[in-house]
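1. how does the following fold in three dimensions:
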Amino acid sequence: MLRAAPKYKMSDLIRPDDPLESGVDCSRLHYLAYKRAGVFGVRRVTSRDMAAGRGGWKGVDVEPEDIDELTLVFFTFKKERPNGHTGTFILNGKTSKLDLLHASSFYGKTVLVPYEAKYRNKVTALRRITIGDKIERTKQSIPKTAKQPTGVLYRLFGINK
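-> Numbers count the residues shown, from 1 in each chain. Predicted structure coming up:
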C-alpha cells in the first residue's frame, strides 16, 4: 500500500471497499490493510471511533515509552476534533527508529515520515491492537508482540522486512 502511495482523499462518497485508487484517508488506510491481512471483525470507522475501540478496533492503550512496531497512534490537530487523525509506527530499517506511516492531507498521499516533535506534541492516544483475544487482558500482561500479524501487515503496507 505504501509503494502504491495512494492519494489522500477524505470523502463520504468513498465506500470502505472501493479500490485503493479511489484514495484513502487515515482510517481507511488502516481498515484496508487489516482487512487485506485477513483480520476479521474490524469495520471502517473514524479515527476517533478507532481510538475508543469501536468498530472492532479492540486493543490496549500503551504508554509512550512502550510503543512498538504497528502501534496505532492518534492525534488531535484541531481542538474540535479529538483523535481526528491516526497513523502506525513502522520500524525504519535504515535508521532503526520508529517512523510514522499515515495518510497525509499535507503531502496528499500515504507517507512514511520520521516521528518528530511536530507529531509527538499532538499525540492523544496510543493503542496496540490485539487480534483474536477472547479475554480482555490488562496492559501489563500483554507483550509487545501480542497476536499482531506483523509480517502480513508489513507486506500490505508495502515494506520489506
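
2. could you use CA atoms for every contact and neighbour count after this?
-> OK.

3. quick one, longest helix in the protein?
-> helix 26-36 (DSSP state H).

4. in that one, what counts as buried?
-> 26-35 (16 or more other CA atoms under 10 Å).

5. now the two most distant members of those residues.
-> C26 and K35 (14.5 Å; CA to CA).

6. quick one, helices of this protein?
-> Using DSSP H, helices in the chain cover 26-36, 47-51, 117-120, 150-157.

7. where does the chain dip in pLDDT?
-> 1-8, 10-16, 19, 131-161 (pLDDT under 70).

8. how far does stretch 100-110 sit from the chain's center?
-> In terms of CA atoms, centre = their mean, to the nearest Å, the centre of stretch 100-110 is set 12 Å apart from its chain centre.

9. got the end-to-end distance for it?
-> 10 Å (CA to CA, to the nearest Å).

10. could you count how many residues lie near K79?
-> 8 (other CA atoms under 10 Å).

11. same thing with K78?
-> For K78, using other CA under 10 Å, the count is 11.

12. and stretch 113-132, how far from the chain's centre?
-> Using CA atoms, centre = their mean, the offset of stretch 113-132 from its chain centre is 8 Å.

13. other SSEs contacting the longest helix of the chain?
-> helix 47-51, strand 85-91, strand 98-104, helix 150-157 (3 or more CA pairs under 8 Å, 6 or more residues apart in numbering; DSSP states H and E).

14. make TSV from those and add mean neighbour count and distance to V113 to it.
-> Below are those laid out as TSV (neighbours: other CA atoms under 10 Å; distance: least, CA to CA, whole Å):
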stretch	mean neighbour count	distance to V113
helix 47-51	23	19
strand 85-91	24	10
strand 98-104	24	5
helix 150-157	18	14
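
15. picking up where we left off before, I'd like the helices of the chain laid out as a markdown table, including distance to K79.
-> Supplementary listing: the helices of the chain in a markdown table, determined by distance: least, CA to CA, whole Å:
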| stretch | distance to K79 |
| --- | --- |
| helix 26-36 | 18 |
| helix 47-51 | 13 |
| helix 117-120 | 15 |
| helix 150-157 | 30 |
